[in-house]
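S.K.: below is the structure, and that's it, no one-letter string:
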Ligand SMILES: [Zn+2]
């Protein structure tokens, strides 16, 4: 970019600062930060005086956020823990000091905005001497307004969450920060995408600046990838210390002649790690990194896009001394790749997103139902196969029936379906719930002992039956819990529960039932990935002989598709059977969530074999009446 401020004017401005004079010459945010910015001890591992030389990949981003750049929108795809937040803080603090105006910062949720304001922004303002007298601490406005506000001479900064749509509609603003953009609600209160709303809000302001940043998530549904696609698409390139060839440092891979290479000892630990130049193929050691990055530049794919600038860097250019050394990233890669092999894609996705700044390509192909059926094994329904340690049930609630699956889980998340049933009847009446009680309070033989179901997740997502589900779960907690599916990609399979409960009359019940959010997209990707595993062991999904075709058709009923809403891609799971049933898949998702809630992730941590939770008493008849057995 063209900085606009020549060396002389910058020097003059710096002198003006040093002399304590009012600012009358333009200074870029990079130059301002080197002179005036401090990172607070409370929130930074590297606190104290800011030095832009430490993170050279930040400079051009700050320069384009400065008034002398023609850029209006700056899009950044970043790894986690590497300068992303600092850029936003410098932009906001420098703005308050030099170019004040009305500003708005939006984060995914109100609570994140609150936490950022308290833990990052406030300590930073205190740590920057030039701001101390300009920004006064201010409490939230009265009247239930949740927006946080900082006032200063010449402007104000409001902070809010993308989940509070009303805040977008207030007065127009000059500076906008969309932080952690992939966590945003896509369509706010039916008013369109956050970008459209933001565009309307800043539209009339000359010299407006919009800073959008995030780590990326999944390819089809990433907000930040979409914004980056429309930008100049700059990648931070560094020169090879041997041949001088510029390149964007990237992972490469086992079969590439460039990228991160490493050697391991017999224990599998990374003992040597280096980068292979993509031009001369010579070995580049990590001690070269500081000098390489100091000479780094962004190479823009569409340099003519001067209004919308895009930047991308990954953790391979982290400053020396930070935790993200090449060897550390290689170690994390090996851990994530091992999990992926076992059918657990989440860790690999996190590694791709947080270290490589690359999106994760979802594995959503529909498994063939007949293939899964042909693999069924000759163990008995209602019995617990060897290796299984946790029993969990998932209940899907329909208007005229409950669909229930009981799954058994063992180490490395190997799983066995041990029963699937439909209980017919109206969920508004007690009858179906009594039959469910019979099933989930029963015992299941296996290995000479009787096993109990330890966790039951019941779908409370259908408005018509929500209250009936809550009533059922309230008296059976904590073993039985109400859940609600969230189809947003990247959500954990089991989220943090919220207390929400009302009586039939709509009055709030103290100590009411908890509602557990379930990341259905994440769970379905995991289950579909695992259905392709053929060998017994980690992640393998087993079914028993005797289930009919309908069960398998339901289990494989959904397909991951990308749909366009107002021109934006939205990832969705579609029932390929049209209006036909798909409950078996939902039951598998809910049972998996129930098992996680019951401690499934901890099974593998207990390396000393502990006997499975058993109750030594004879089996009673646990099969409910009026059942339809698969
Ligand atoms: Zn080279």
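M.R.: Structure's in. What do you need? Please read these numbers as outputs of a predicted model, since none were measured by experiment.
S.K.: what does the stretch 351-500 of the chain put close to the ion?
M.R.: Proximity of the stretch 351-500 of the chain to the ion (Cβ under 5 Å from the ion) involves no residue at all. C-beta coordinates here come from the backbone N, C-alpha and C atoms, glycine included.
S.K.: scratch that, the chain
M.R.: Contact residues, the chain versus the ion (Cβ under 5 Å from the ion): 240, 242, 243, 245, 277, 279, 280.
S.K.: mind putting the residues you listed into TSV with pLDDT?
M.R.: Below are the residues of the chain next to the ion laid out as TSV (pLDDT from 0 to 100):
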residue	pLDDT
240	96
242	96
243	96
245	93
277	94
279	92
280	95
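S.K.: was I right to think residue 164 contacts residue 108?
M.R.: No. Counting by Cβ atoms under 8 Å, residue 164 does not reach residue 108; the two are 11.0 Å apart.
S.K.: ok, back up a step: for the residues of the chain next to the ion, which one is nearest residue 231?
M.R.: residue 245 (25.0 Å; Cβ to Cβ).
S.K.: name the nearest residue to that closest one, sequence neighbours excluded.
M.R.: Leaving aside its chain neighbours, residue 245 sits nearest to residue 279 (3.2 Å; criterion: Cβ to Cβ, 6 or more residues apart in numbering).
S.K.: am I right that residue 353 is in a strand?
M.R.: No. Residue 353 is assigned helix when assessed by DSSP: H, G, I helix; E, B strand; the rest coil, not a strand.
S.K.: contact partners for the nearest residue to it once chain neighbours are set aside?
M.R.: With Cβ to Cβ, 6+ apart as the criterion, residue 353 has its nearest non-adjacent residue at 5.0 Å, and that residue is residue 215. For residue 215, the contacting residues are 77, 78, 79, 80, 84, 180, 182, 224, 353, 354, 357, by Cβ atoms under 8 Å, 6 or more residues apart in numbering.
S.K.: closest one of those to the ion?
M.R.: residue 357 (22.5 Å; Cβ to the ion).
S.K.: give the contact list for the closest residue to that closest one other than its chain neighbours.
M.R.: Nearest residue to residue 357, sequence neighbours excluded (Cβ to Cβ, 6+ apart): residue 314, at 4.2 Å. Residue 314 sits next to 79, 249, 250, 355, 356, 357, 358 when contact means Cβ under 8 Å, 6+ apart.
S.K.: look at the residue nearest to residue 245 and say how many residues are nearby.
M.R.: Per other Cβ atoms under 10 Å, the neighbour tally for residue 279 reads 14.
S.K.: and what of residue 544?
M.R.: Residue 544: 20 neighbours (other Cβ under 10 Å).
S.K.: distance of it from the ion?
M.R.: With distances taken as Cβ to the ion, to the nearest Å, residue 544 is found 58 Å from the ion.
S.K.: for that residue, phi and psi?
M.R.: phi -100, psi 150 (degrees, to the nearest 10).
S.K.: ok, it touching residue 417?
M.R.: Yes. The criterion here is Cβ under 8 Å, and residue 544 meets it with residue 417 at 6.6 Å.
S.K.: separation between the residue nearest to residue 353 and the ion?
M.R.: 29 Å.
S.K.: quick one: residue 402 and residue 427 touch, right?
M.R.: Yes. At 6.7 Å, residue 402 and residue 427 qualify as touching, with contact defined as Cβ under 8 Å.
S.K.: distance of residue 373 from residue 410?
M.R.: Relative to residue 410, residue 373 is positioned 22 Å away (Cβ to Cβ, to the nearest Å).
S.K.: name the residue in these two with the higher neighbour count.
M.R.: Between residue 373 and residue 410, counting by other Cβ under 10 Å, residue 410 is the more crowded of the two (23 against 18).
S.K.: I figured that one hits residue 446, correct?
M.R.: No. Applying Cβ under 8 Å as the test, residue 410 and residue 446 come out as separate, 11.1 Å apart.
S.K.: which residues do these two both contact?
M.R.: residue 388.
S.K.: what segments of the stretch 201-350 of the chain are strands?
M.R.: Secondary structure of the stretch 201-350 of the chain by DSSP state E, counting those that start in this stretch: the strands cover 209-214, 234-239, 246-247, 259-264, 270-276, 283-284, 297-300, 308-312.
S.K.: turn these into a markdown table, including mean pLDDT and mean neighbour count.
M.R.: Output for these, formatted as a markdown table (pLDDT from 0 to 100; neighbours: other Cβ atoms under 10 Å):
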| stretch | mean pLDDT | mean neighbour count |
| --- | --- | --- |
| strand 209-214 | 94 | 24 |
| strand 234-239 | 95 | 23 |
| strand 246-247 | 93 | 16 |
| strand 259-264 | 94 | 16 |
| strand 270-276 | 95 | 17 |
| strand 283-284 | 97 | 17 |
| strand 297-300 | 94 | 18 |
| strand 308-312 | 96 | 24 |
